[in-house]
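**Q** Please work out how this folds:
(one chain, ligands or ions: 1)
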Amino acid sequence: MGLPARIGIVGCGIISSRYIEVSRELPEIEIVACADVIADAAEAQAEKYGLRRLSLDDLYAAPDIDMVLNLTPPPAHFSVSKTALEAGKAVYSEKPLAATFAEGRELLALATEKELRIGCAPDTFLGAGHQSARLYLDEGIIGAPVAANAFMMSRGHEYWHANPAFYYKPGGGPMLDMGVYYLTALVNLLGPVTRVTGTARATWSERTILSQPRRGEVIQVEVPTYVTGVLDFACGAIGTVITTFDTKASNLPKIELYGATGSLDLPDPNTFGGPLQLRTAEGESWKELPLRLGHAGNSRGLGPADMAVSAVEDRPHRASGEMALHVLEIMEAIHVASETGRHVELTTRCDRPEPLPEGVYEGVRPAPG
Ligand SMILES: NC(=O)c1ccc[n+]([C@@H]2O[C@H](COP(=O)([O-])OP(=O)(O)OC[C@H]3O[C@@H](n4cnc5c(N)ncnc54)[C@H](O)[C@@H]3O)[C@@H](O)[C@H]2O)c1
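**A** This next block holds a predicted model:
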């Protein structure tokens, strides 16, 4: 893979526009082609953004495409990523890495066998908010980590998404769909988790779509929609995470991190910017901390850009398949713990990704000088 890495998108739905627009500000990647099982969906994006519209077979076979950007719904992530790896392409997938841990593990094994890079969303932890938090945390601003709380309280995607059924099918649910942002952010800050327990249930067996164009259609719910997990981090900290599509309103924070000498109130991990707030043992109120590097806007695409640079520089990329597989195992294990009434020991570990350096950015790298 050279720079810019040449990317073909598979899956031309809602999120594809964001990736295409952000890629134009990232010199490390160039989106050149797109494909979809619905040819019209690919045609529409090809025409709007000046891309080559290819059939799926032609995209996987194209010799001038280095990386497949997998933007399909979660149930298709495994088969699309597998086909791309078998065709010799690096893969960057939307989250989760796969619908099950077993499938995710198979993808990583295949990537290793083929000596190809595999990366996975979310890359929001590479944004200014969470990278600044990482710099402050590592400098000791709150002392040794004690615990973290993460809360994703929502009404469900049937309120706004045009095609929300997949969020209630295997591979969806609030933990795999949204908890993945919170857990990736926590693993970036605190490192890997050793064991989990949890409780989960599907509060309602049916959901009615409230958005257009499918308003009134009924979705059969096949996954838990209120999921609570408890995490033991290898560093000793304890984490609590709640993700749900079943609450109409909540005042809970997104993520708080508690250390021996203070607390951090972290930004929404589904965004790239702030606010990032600190309160120390001596402080009388919360104060906002300055962000210390770039990418505070919606920058989906930093992950594949960092993967492209890392391949050229022969170092690990940050939004890695290893971290995504570890997070997928955590999420699945919380559900298994609920079903079996026990703690579940995790089998995977991952290193915390290297923090991005402080500074002004051009693409995914600090600007020279
Ligand atoms: N919509 C968002 O705001 C958002 C935000 C962040 C991440 N994501 C993630 O991005 C992914 C896609 O979400 P979306 O909202 O764009 O979905 P979408 O339903 O709008 O689009 C998905 C597209 O993939 C195509 N597709 C399905 N199976 C395929 C296959 N096997 N091969 C080729 N194309 C196939 C569909 O025809 C569709 O055009 C999901 O994993 C989702 O979790 C979405």
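**Q** Now do the contacts for residue 355.
**A** Residues in contact with residue 355 (Cβ atoms under 8 Å, 6 or more residues apart in numbering) are 131, 134-135, 138. Yep, even glycine has a C-beta here, placed from its N, CA and C like the rest.
**Q** Just the pLDDT for it.
**A** Each residue has a pLDDT score; the one for residue 355 is 97.
**Q** Wait, residue 65 touches residue 51, no?
**A** No - the criterion here is Cβ atoms under 8 Å, and residue 65 misses it with residue 51 at 11.4 Å.
**Q** out of the two, which sits in the busier spot?
**A** Comparing residue 65 with residue 51 by other Cβ atoms under 10 Å, the one with more neighbours is residue 65, at 26 against 22.
**Q** The more buried one: what secondary structure?
**A** Classification of residue 65 by DSSP: H, G, I helix; E, B strand; the rest coil places it in coil.
**Q** Which strand residues bridge the closest residue to it other than its chain neighbours?
**A** Excluding its sequence neighbours, the residue lying closest to residue 65 (Cβ to Cβ, 6 or more residues apart in numbering) is residue 8, at 4.2 Å. Beta-bridge partners for residue 8, by DSSP bridges, are residue 33, residue 68.
**Q** what sits against residue 8?
**A** Applying Cβ under 8 Å, 6+ apart, the residues near residue 8 are 31-35, 54, 59, 62, 65, 67-69, 89.
**Q** what's the closest of the residues you listed to the ligand?
**A** residue 35 (6.4 Å; Cβ to the nearest ligand atom).
**Q** since we're on that closest one, how many residues are nearby?
**A** 27.
**Q** ok, back up a step: which neighbours do residue 65 and residue 51 share?
**A** 32-33.
**Q** thinking again about what came up before, from the ligand, how far out is the residue nearest to residue 65?
**A** In this view, residue 8 and the ligand are 11 Å apart by Cβ to the nearest ligand atom, to the nearest Å.
**Q** Then residue 282?
**A** Residue 282 is 40 Å from the ligand, by Cβ to the nearest ligand atom.
**Q** did I read that right, residue 312 in a helix?
**A** Yes - with three-state DSSP as the criterion, residue 312 is assigned to a helix.
**Q** Once you drop chain neighbours, what's closest to it?
**A** residue 3 is the one closest to residue 312 (Cβ to Cβ, 6+ apart), at 5.7 Å.
**Q** cool, and residue 296?
**A** Residue 296 sits nearest to residue 273 (Cβ to Cβ, 6+ apart), 3.5 Å away.
**Q** Could you point out which of the contacts of residue 355 is nearest to the ligand?
**A** Among the contacts of residue 355, and counting by Cβ to the nearest ligand atom, the member closest to the ligand is residue 131, at 19.1 Å.
**Q** what secondary structure does the closest one sit in?
**A** helix.
**Q** For the closest residue to it other than its chain neighbours, which residues are in contact?
**A** In this structure, residue 131 finds its nearest non-sequential neighbour in residue 356, 5.0 Å apart by Cβ to Cβ, 6+ apart. Going by Cβ under 8 Å, 6+ apart, residue 356 touches 126, 131, 293, 318, 364, 366.
**Q** just residue 83 next, same as before
**A** residue 60.
**Q** And residue 291, by the same measure?
**A** 128-129, 132, 273-274, 276.
**Q** which ones are touching the residue of the chain found nearest the ligand?
**A** With Cβ to the nearest ligand atom as the measure, residue 13 is the residue of the chain nearest to the ligand, at 1.7 Å. Residue 13 sits next to 36, 41, 71-73, 163 when contact means Cβ under 8 Å, 6+ apart.
**Q** what's the answer for residue 136, then?
**A** 142, 264, 276, 278, 289.
**Q** Dump these into a markdown table; add secondary structure and distance to the ligand as well.
**A** What follows is the contacts of residue 136, written out as a markdown table (DSSP: H, G, I helix; E, B strand; the rest coil; distance: Cβ to the nearest ligand atom, whole Å):
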| residue | secondary structure | distance to the ligand |
| --- | --- | --- |
| 142 | coil | 30 |
| 264 | strand | 25 |
| 276 | coil | 22 |
| 278 | strand | 29 |
| 289 | coil | 26 |
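**Q** which parts of the stretch 101-250 of the chain sit against the ligand?
**A** Within the stretch 101-250 of the chain, the positions lying close to the ligand (Cβ under 6 Å from any ligand atom) are 163, 177.
**Q** Tell me which residues touch residue 358, please.
**A** Applying Cβ under 8 Å, 6+ apart, the residues contacting residue 358 are 135, 292-293.
**Q** meant to ask about residue 221, not that
**A** 168, 202, 204-207.
**Q** wait, which of these is closest to residue 78?
**A** Nearest to residue 78 among the contacts of residue 221: residue 168, at 18.7 Å, using Cβ to Cβ.
**Q** just to revisit the earlier point, for the residue nearest to residue 65, give its distance to residue 332.
**A** 29 Å (Cβ to Cβ, to the nearest Å).
**Q** from the chain's centre, how far out does stretch 228-241 sit?
**A** In terms of Cα atoms, centre = their mean, to the nearest Å, the centre of stretch 228-241 is set 19 Å apart from its chain centre.
**Q** hmm, I was thinking of stretch 330-341
**A** On Cα atoms, centre = their mean, the centre of stretch 330-341 falls 20 Å from the chain's centre.
**Q** Check stretch 350-363 too.
**A** Distance, centroid of stretch 350-363 to centroid of chain: 16 Å (Cα atoms, centre = their mean).
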